[in-house]
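Novice: coordinates only, no sequence provided:
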């Protein structure tokens, strides 16, 4: 047996309570393992631990088997009667059988030897407070991300030579176009008609830049966007249309006009705020603003964004106060944490407990681009921005992968975290930090294939403003063009808007679209090497994408005797799915 491929521990996503009754247990093995059994029961069923007891449990086959690139992931859900569980695994290959416990591998007869102290796996207790509870409403939210300066200009601006005429065009890092919160309010009916149920606002607090990730005042709405009353009006009207609102919190760093930082620049080592930052040497010279010179830590190497010391008690208290103010003053429903992997776990644990006392169903989202397990254990974030999903979708087309390789990638993404977190994961295909999806795809047909994937995966789905009209744009700052409202109102993008409305309506209507259940289907072994993606969600909901270089016949994937309901089709005829075509359907 490939012993090195076997892995389990009683923590993280390998052993956890998904509610007060059910315990999810997962095990990694190599492909040589053909069958897995779990022997489980109560730790005290044979007596007090440490005595002369001989423990044994109930044997049950682990039937759920998920294929990854180099491993098999086996999963089972147990219901321990007394909220605790002791267990071991029995692994069967074609020629061997091994018992797997915490300290390694045994032959079955060794478990019965007198005097042997077996280190079984143990879940001590399914504590209610340790169960990761996430906001139920976030499971199927359709988010719409807004970069305020480029979305819509609602108020007539005073004469300002720095504000450019509104136009969908390539932009620079320093361009201002005058988009504001009034513009967002004016376009709420548009978002409602589109089917949006959640608005994610990039930073709106006072800052120098157009992107506002260099905060000056965390409790003041930037005057370019409006004021506190405008924000309250936006949230109130969004809520009346059954839309949630999420603000962007920049707590990893601040801007150079943030008062505590200015105090440090003025008073140096004598500043009462010197420990609010990660300063390496004094004095901090006003002309030396590059973190590479060793003066102080900043976001990346951006000297204009000094890094906040989120290990400091005063900083922790400050951030708690700011977030509490946002919740109390505006009534927001979520906070997205910029550079969410660099702020301290110490801060996040306190912040979550504090905020959930105020609003138990507040959604806490971290901007993390990699495996985020340490932040998703129930006491910090509810979810993270699912860039591994973004990457997996992109790589299928970019790297010309096979359908089987795509299955492995998606299975990894859908099983990185505990089920409750997977259900509210923030799935996206583009954002203010990436090139735009339409430009990346290079093809309208592939664009809609990827959108079909976004709207049929577990987790919430996010559209970056303009993606609904297949807006183009390269990497930052070109991905931040203005919305072309005149063209939209003239009907120029009617076809694109109808396609996205159809996908969103399907997403709301069909629960299977956001189910964790997914089964990839293949006609035969040879099909696994091809580029036709075909998967089933729950019992009768299907997605079929033709990424080959030739049309395919639908009868090869759908029986003639099957009656189907078509929810979304692109480049699809009655009996043929064209090259780069999409069909989402349900068997009746």
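Specialist: The structure has been received and is ready for your questions. The shown structure was predicted, so the numbers you read here are calculated from the model rather than taken from an experiment.

Novice: for the chain, which spans come out with low pLDDT?
Specialist: Counting by pLDDT under 70, the low-confidence segments of the chain come to 50-52, 286-290.

Novice: now for the longest helix seen in it, which elements pack on it?
Specialist: In the chain, with assignment by DSSP state H, the single longest helix is helix 313-330. Other helices and strands packing on helix 313-330, by 3 or more CB pairs under 8 Å, 6 or more residues apart in numbering; DSSP states H and E, are strand 215-221, helix 228-240, strand 244-249, helix 345-358. Yep, even glycine has a C-beta here, placed from its N, CA and C like the rest.

Novice: let's see 6 Å
Specialist: helix 228-240, helix 345-358 (3 or more CB pairs under 6 Å, 6 or more residues apart in numbering; DSSP states H and E).

Novice: now do the first one: distance to the chain's middle.
Specialist: Taking CA atoms, centre = their mean, to the nearest Å, the mean C-alpha location of helix 228-240 is offset from the chain mean by 26 Å.

Novice: which other helices and strands contact it?
Specialist: helix 181-186, helix 313-330.

Novice: if we can go back for a sec, which is the next helix or strand following the longest helix of the chain?
Specialist: strand 334-337 (DSSP states H and E).

Novice: note down every partner strand of that next one and its orientation.
Specialist: strand 244-249 (parallel), strand 363-366 (parallel) (DSSP bridges).

Novice: distance of the residue lying farthest from the centre of the chain from residue 53?
Specialist: For the chain, the residue at maximal distance from the C-alpha centroid (CA atoms, centre = their mean) is residue 114, at 49.7 Å. Distance, residue 114 to residue 53, by CB to CB, to the nearest Å: 12 Å.

Novice: just checking, residue 92 touches residue 37?
Specialist: No - when contacts are counted by CB atoms under 6 Å, residue 92 is not listed as touching residue 37 (7.7 Å).

Novice: settle it for me: which of the two has more neighbours?
Specialist: residue 37 (18 against 15; other CB atoms under 10 Å).

Novice: measure the more buried one to residue 537 for me?
Specialist: Residue 37 is 29 Å from residue 537, by CB to CB.

Novice: and the nearest residue to residue 175 once chain neighbours are set aside, how many neighbours?
Specialist: Spatial nearest neighbour of residue 175, chain neighbours left out: residue 164 (5.8 Å); criterion: CB to CB, 6 or more residues apart in numbering. By the measure other CB under 10 Å, the count of residues near residue 164 is 15.

Novice: make residue 1 into 4 and carry on from there
Specialist: Sure thing, new numbering starts at 4, so read that last one as residue 167.

Novice: between the helices and strands packed on helix 316-333, which one is nearest to residue 567?
Specialist: helix 231-243 (36.8 Å; CB to CB).

Novice: quick one: buried residues of that closest one?
Specialist: Neighbour-count burial for helix 231-243 flags 233-238, 241 (criterion: 16 or more other CB atoms under 10 Å).

Novice: could you do stretch 137-150 as well?
Specialist: In stretch 137-150, counting by 16+ other CB under 10 Å, buried: 137-138, 140-150.

Novice: ok, for residue 184, nearest residue in space, not its chain neighbours?
Specialist: Using CB to CB, 6+ apart, the nearest residue to residue 184 is residue 229, at 4.1 Å.

Novice: for that neighbour, grab phi and psi.
Specialist: phi 140, psi -140 (degrees, to the nearest 10).

Novice: domains in this protein, by residue range?
Specialist: 6-133, 157-256+312-515, 257-311, 518-590 (automatic domain parsing).

Novice: single out the most deeply packed of those.
Specialist: domain 157-256+312-515 (a mean of 19; mean count of other CB atoms under 10 Å).

Novice: confirm residue 203 sits in a strand?
Specialist: Yes - membership of residue 203 in a strand is supported by DSSP: H, G, I helix; E, B strand; the rest coil.

Novice: so it bridges to which residues?
Specialist: residue 148, residue 249.

Novice: got the contact list for it?
Specialist: 146, 148, 249 (CB atoms under 6 Å, 6 or more residues apart in numbering).

Novice: so how far is residue 167 from it?
Specialist: From residue 203 to residue 167 the distance is 25 Å (CB to CB).

Novice: how close does the spatially closest residue to residue 450 that is not a sequence neighbour sit to residue 501?
Specialist: The spatial neighbour of residue 450 that comes closest, neighbours along the chain excluded (CB to CB, 6+ apart), is residue 444 at 4.4 Å. Applying CB to CB, the value for residue 444 to residue 501 is 19 Å.

Novice: do residue 326 as well
Specialist: In terms of CB to CB, residue 326 sits 39 Å off from residue 501.

Novice: just residue 48 next, same as before
Specialist: The separation that residue 48 has from residue 501, given CB to CB, amounts to 61 Å.

Novice: show the backbone phi and psi for residue 92.
Specialist: Note on residue 92: backbone dihedrals following degrees, to the nearest 10 are phi -110, psi 150.

Novice: right, and it touches residue 102 too?
Specialist: No - using CB under 6 Å, residue 92 is not in contact with residue 102, being 7.2 Å away.

Novice: pretty sure residue 259 sits against residue 307.
Specialist: Yes - using CB under 6 Å, residue 259 is in contact with residue 307, at 5.3 Å.

Novice: quick one: the nearest residue to residue 39 once chain neighbours are set aside and residue 423, what's the gap?
Specialist: Setting aside the residues directly before and after it, residue 39 is nearest to residue 65 in space (CB to CB, 6+ apart), at 4.2 Å. Shown here: residue 65 relative to residue 423, a distance of 21 Å by CB to CB.

Novice: mind putting the strands paired with strand 337-340 into JSON lines with distance to residue 399?
Specialist: Listed next are those as JSON lines, based on distance: least, CB to CB, whole Å:
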{"stretch": "strand 247-252", "distance to residue 399": "29"}
{"stretch": "strand 366-369", "distance to residue 399": "25"}
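
Novice: and of the ones you listed, who's closest to residue 333?
Specialist: With CB to CB, the closest approach to residue 333 among the strands paired with strand 337-340 belongs to strand 247-252: 7.6 Å.

Novice: report the angle between the closest one and helix 316-333.
Specialist: Here the directions of strand 247-252 and helix 316-333 differ by 150 degrees (axes from the mean of the first three to the mean of the last three CA atoms, to 10 degrees).

Novice: okay, the angle between strand 247-252 and helix 231-243?
Specialist: Using the same axes, to 10 degrees: strand 247-252 against helix 231-243 is 140 degrees.

Novice: contacts for strand 247-252, please.
Specialist: 201-206, 238, 241, 329, 335-340.

Novice: follow-up on the earlier one: okay if I get the helices and strands packed on helix 316-333 as JSON lines plus distance to residue 479?
Specialist: Formatted as JSON lines, these follow (distance: least, CB to CB, whole Å):
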{"stretch": "helix 231-243", "distance to residue 479": "25"}
{"stretch": "helix 348-361", "distance to residue 479": "26"}
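
Novice: let me know the secondary structure of residue 436.
Specialist: Relying on three-state DSSP, one would call residue 436 coil.

Novice: excluding covalently adjacent residues, which one is nearest to it?
Specialist: residue 479 (6.3 Å).

Novice: how close does the one you found sit to residue 205?
Specialist: To residue 205, residue 479 is 12 Å away according to CB to CB.
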